[in-house]
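Colleague: Sequence plus the predicted model coming up.
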Amino acid sequence: MSSDKKLGGAGLRGQVAGQTALCTVGTQGSGLNYRGYDVDDLADNCIFEEVAHLILKGHLPTQAELDTYQAKLHGLRDLPEELKAGLELIPAGAHPMDVMRTGVSLLGNLEPETDFSQQADVVDRILSLLPAIVVYWYRFSHDGVRIDTNTGAATIGGHFLHMLHDKPASKLHEKVMNVSLILYAEHEFNASTFNGRVAASTLTDIHSVITGAIGTLRGPLHGGANEAAMEMIEQWSSPDEAEAAILEKLKNKELIMGFGHAVYKERDPRNAIIKKWSEALAKDVGDDVLFPVSVRVEAVMKREKNMFCNADFFHASAYNFMGIPTGLFTPIFVMSRVTGWAAHAFEQRANNRIIRPSAEYTGPEHRAVEPIDQR
Ligand SMILES: CC(=O)SCCNC(=O)CCNC(=O)[C@H](O)C(C)(C)COP(=O)(O)OP(=O)(O)OC[C@H]1O[C@@H](n2cnc3c(N)ncnc32)[C@H](O)[C@@H]1OP(=O)(O)O
Ligand SMILES: O=C([O-])CC(=O)C(=O)O
């Protein structure tokens, strides 16, 4: 797939800002490759932990390596008591992305990375704990329970759902979580990753890299779009109602969340994959509103604006069908993209020069300070 989107002007669009061996966007194969593998191939054939291993450690694991890696991650699922105490202080009304940001930041105080030789272990610990950080807080603040974060679930996706729903995830749900986490894992120099690389280039600790990236992903123009898309589509009870509302929004020049992309021009290769799984989940729950509404919105945006769904749009209905509260949508993105952020930080550290571009000055001419009584 080639991308011929005109890239220029503001937002550093299209400018090469560094090198990476991790990923290509819009240039090879189906359109998104992690270390040479098509994302659809990975989503069909792997669990997320295999892809995390690929991104973080450089190759797809053998069965023995995967078993060892999963056993290691399982052994790291216990939240430190001080972290639980900190999470219990955060009010129920907080945004779960703020909880993720604070959780990682607090973890950095409790288990600091004091030397870069620790980076792989520190990242495995963060990867293991992210689902527990957000679900422990969510269940304590919303349901008044202190959950056990040792679920015994084989995969990170299954572990997240098990903690949330107090029971093992179905095979279908665990598969969809694996697919979702694989689709979101890495995407070159997107805003949150670039933020992370800038932080890494100062040789700061990995918790600072991840904390900054979480804050950047939170915005509705980036990862927050999956929640914003859900808040939009859940307002409509039929495809016709959705179509009328979208036409009105377009007339008012409103942004339609979950559409468009800074790099892809014609399609986001992740959309067809998550759409297929959203459809399977819709059948599973007997939905006859949310999925048809989403399909109509996609068709209207194509017809009216020649715009396509990005990875976020059909994630909204898919997560909803699995009973996941909307506020936890973007935190799932964090549980996945942490692999990309960390691998970019490792690359930056391995060949570092501090990232420090220049600005074109547009302020006042040179002038002298007026004495305070004359201003
Ligand atoms: C995982 C991710 O982070 S994927 C992105 C998730 N974000 C969203 O879904 C939010 C909605 N989408 C957007 O805001 C944008 O498409 C972005 C932020 C993803 C990309 O921004 P840009 O690269 O600046 O967009 P692009 O250059 O393609 O915009 C071209 C035109 O289409 C319009 N446009 C872009 N996206 C949308 C949209 N979702 N709805 C309506 N119009 C849009 C822009 O306003 C712009 O109009 P203009 O020429 O009149 O100013
Ligand atoms: O690449 C981007 O600009 C946004 C992003 O992170 C993604 O699409 O996964």
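Modeller: Noted; the coordinates are in hand. Ligands and ions are numbered 1, 2, ... in the order given.

Colleague: number of nearby residues for Tyr69?
Modeller: For Tyr69, the neighbour count with other CB atoms under 10 Å is 18. Just so you know, the C-beta spots here come from the backbone N, C-alpha and C atoms, and that holds for glycine as well.

Colleague: got a list of what it touches?
Modeller: With contact set as CB atoms under 8 Å, 6 or more residues apart in numbering, Tyr69 has these partners: 49, 52-53, 61.

Colleague: Pull the helix or strand hosting it out as PDB, backbone CA atoms only.
Modeller: Using DSSP states H and E, the element containing Tyr69 is helix 63-74. Output in PDB follows, covering the C-alpha atoms of helix 63-74 (Å, rounded to 0.1, in the frame of the first residue of the first chain):
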ATOM      1  CA  GLN A  63       7.200 -21.400  22.000                       C
ATOM      2  CA  ALA A  64       9.800 -21.800  24.800                       C
ATOM      3  CA  GLU A  65      10.700 -18.100  24.800                       C
ATOM      4  CA  LEU A  66       7.000 -17.200  24.800                       C
ATOM      5  CA  ASP A  67       6.300 -19.500  27.800                       C
ATOM      6  CA  THR A  68       9.200 -18.000  29.700                       C
ATOM      7  CA  TYR A  69       8.100 -14.400  28.800                       C
ATOM      8  CA  GLN A  70       4.400 -15.100  29.800                       C
ATOM      9  CA  ALA A  71       5.600 -16.700  33.100                       C
ATOM     10  CA  LYS A  72       7.700 -13.700  33.800                       C
ATOM     11  CA  LEU A  73       4.800 -11.300  33.100                       C
ATOM     12  CA  HIS A  74       2.400 -13.300  35.200                       C
END
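
Colleague: Tell me both backbone torsions, phi and psi, for Ala120.
Modeller: phi -70, psi -40 (degrees, to the nearest 10).

Colleague: For it, which non-adjacent residue is closest in space?
Modeller: Among residues not flanking Ala120 along the chain, Leu56 sits closest, at 7.0 Å (CB to CB, 6 or more residues apart in numbering).

Colleague: Provide a list of residues in contact with that neighbour.
Modeller: 120, 123-124, 339, 342-343, 346.

Colleague: Against Lys249, how distant is it?
Modeller: The gap separating Leu56 from Lys249 is 40 Å, by CB to CB, to the nearest Å.

Colleague: sec struct for the nearest residue to Ala92 once chain neighbours are set aside, please.
Modeller: By the measure of CB to CB, 6+ apart, the closest residue to Ala92 outside its immediate chain neighbours is Ser141, 3.8 Å from it. With DSSP: H, G, I helix; E, B strand; the rest coil as the basis, Ser141 sits in helix.

Colleague: show me the contacts for Ser141.
Modeller: With contact taken as CB under 8 Å, 6+ apart, Ser141 is in contact with 88, 90-92, 94.

Colleague: One more pass at 7 Å, please.
Modeller: Residues near Ser141 by CB atoms under 7 Å, 6 or more residues apart in numbering: 90-92.
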